[in-house]
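# got a sequence here, can you build the structure:
(one chain, ligands or ions: 1)
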Amino acid sequence: MKTILLNANRLLPSNELEKVEVLIEDNKIIKIASQIPDKVENYIDIEGKLLLPGLIDVHIHLREPGGEHKETIKTGTMAAARGGYTTVCAMPNTNPVPDHPEALTSLLSKIADDAHIRVLPYASITKSLKGEERTDIQSLIDAGAFAFTDDGVGIQTADQMYQAMKDAARHNTTIVAHCEDNSLVYGGVLHEGEVSERLSLPGIPSLSESVQIARDVLLAEATGCHYHVCHVSTKESVRVIRDAKKAGIHVTAEVSPHHLLLNETDIPDDNADWKMNPPLRSTEDQQALFDGLMDGTIDLIATDHAPHATEEKAVGFKEAPFGIVGLETAFPLLYTHLVLKGKMTLYQLVERMTEKPAATFQLPYGKLEEDSVADITVIDLEKEETIHRETFYSKGKNTPFDNWKVKGIPVLTMVNGVVVYEEAKQHEEA
Ligand SMILES: [Zn+2]
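The predicted structure is shown next:
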């Protein structure tokens, strides 16, 4: 089937908007031009809204299998579509863990049945994420693994990481790392600093993250492996990654919207909707993350969407699980608080949510051009909303951004040429 998108505003690197029409046939963008004379079956009037390549999130948790009370492939990908995402990469801390080909194959078939958008699943580096026995990288790649990570826990011994990276380099895949040295965590539940003191809660030192990144970049240098650092949170981590990049080591990194927009002083009280790992750090850390994102030390933005059931989060900082949701709020929050406040341009933001993640992982998405896959996100830059957690499609309502006013709302999402989310329609159905 052929579709033409009318009255679309495409974003140019100069940040100017260009009025275009887009011809889509099956799953491909065939033509982008100021006017397309073809007669087709289907027209979608974008009404002057912003047309972007579909957003890409390389770090989310879908919880299925094993954690369906928190989220399912269906609800998580509906949330992603509503947030303007067309491709997400799912972390392997599920039950079972995709640490052998059969588990991955069964996960991929659930994804094929239930997912509203494209889901690329990670496999784990070690069996059951225990950090003991390594998985068989080749058989997991053959079964469809996107890359390898034990996200949620750090790889504790240098030898374990060294062997994993050697293996990954041999098979030309990426080691994606949650960096956390358990011997430096001391039972912490939020950043070790003025707020942990004020609330009398055990703190997580910055060192627990940066020490492990420092170790890993040297291992990446020694092995030639592509090493990607998850959710960087400290200024020391940014410095280590910056130095490693300067030294020519193949390291890339991501930062989450909440670490860009919040710091420990925003934590109001003992409320676990503010509990995440890594934790919100100091104002200096927050500034260093933003600077790192702007100078290219940090390559991309990923949400670390981590849904939990409301009752699991209701028990306070000490007992509640780590993590907050992020898929439905990321773009509007970042647009409102970084672009509209003049801290970065719209193009810079979009690049870090589309082109950069695609380039980092060599994905054939993230660009709006002729011959590319028809993954499209339409944003209403003028539309203003208040975030209400109870309206989330995600089963997870755990967010510190409830009641925040935002602008720049995703209103239509198309994956492979098929509309998977359209705001007006969804509201009629609801
Ligand atoms: Zn995560």
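# got the contact list for Gln156?
Gly131, Asp181, Asn182 (CB atoms under 8 Å, 6 or more residues apart in numbering). All C-beta spots, glycine's among them, are computed from the backbone N, C-alpha and C.
# drop anything exposed from these.
Taking 16 or more other CB atoms under 10 Å as the criterion, what is buried in these is Gly131, Asp181.
# adding pLDDT, write the contacts of Gln156 out as CSV.
Below are those laid out as CSV (pLDDT from 0 to 100):
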residue, pLDDT
Gly131, 95
Asp181, 98
Asn182, 97
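# tabulate the contacts of Gln156 in TSV, adding columns for distance to Asp159.
As requested, the contacts of Gln156 are arranged in TSV below (distance: CB to CB, whole Å):
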residue	distance to Asp159
Gly131	11
Asp181	14
Asn182	16
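# just the contacts of Gln156: which are in helices?
Using DSSP state H, no member of the contacts of Gln156 falls in helices.
# please identify the residues of the stretch 101-250 of the chain in proximity to the ion?
Asp151 (CB under 5 Å from the ion).
# which stretches of the stretch 101-250 of the chain have low pLDDT?
Along the stretch 101-250 of the chain, no part satisfies pLDDT under 70.
# ok, back up a step: pick the one among the contacts of Gln156 closest to Leu207.
The shortest approach to Leu207 among the contacts of Gln156 belongs to Asp181, at 7.6 Å (CB to CB).
# which segments of this structure make up each domain?
The chain resolves into domains spanning 2-51+373-422, 54-370 when parsed by the TED database.
# run through the helices of the protein in chain order.
Under DSSP H, the chain gives helices at 73-82, 101-114, 137-143, 158-170, 194-198, 207-223, 235-246, 257-261, 283-295, 310-313, 330-334, 346-353, 355-360, 423-429.
# now mean neighbour count and distance to Tyr186 too, for those helices, in CSV please.
Output for the helices of the chain, formatted as CSV (neighbours: other CB atoms under 10 Å; distance: least, CB to CB, whole Å):
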stretch, mean neighbour count, distance to Tyr186
helix 73-82, 26, 32
helix 101-114, 16, 34
helix 137-143, 18, 33
helix 158-170, 18, 21
helix 194-198, 15, 11
helix 207-223, 21, 8
helix 235-246, 21, 17
helix 257-261, 23, 21
helix 283-295, 18, 18
helix 310-313, 15, 23
helix 330-334, 25, 31
helix 346-353, 21, 33
helix 355-360, 20, 33
helix 423-429, 10, 45
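# residues in contact with the nearest residue to Arg134 once chain neighbours are set aside?
Nearest-residue entry for Arg134: Thr126, 5.5 Å, with adjacent residues in sequence omitted and distances by CB to CB, 6 or more residues apart in numbering. The contact partners of Thr126, by CB under 8 Å, 6+ apart, come to Asp99, Glu132, Glu133, Arg134, Thr135, Asp150, Ile155, Gln160, Ala164.
# buried ones only from those, please, as a PyMOL command.
To isolate the buried members of the contacts of Thr126 in PyMOL, using 16+ other CB under 10 Å:
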select buried, resi 99+134+135+150+155+160+164
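# for the contacts of Thr126, which one is nearest the ion?
Asp150 (10.4 Å; CB to the ion).
# find the closest residue to the ion in the stretch 101-250 of the chain.
Counting by CB to the ion, the stretch 101-250 of the chain gets nearest the ion through Asp151, at 4.5 Å.
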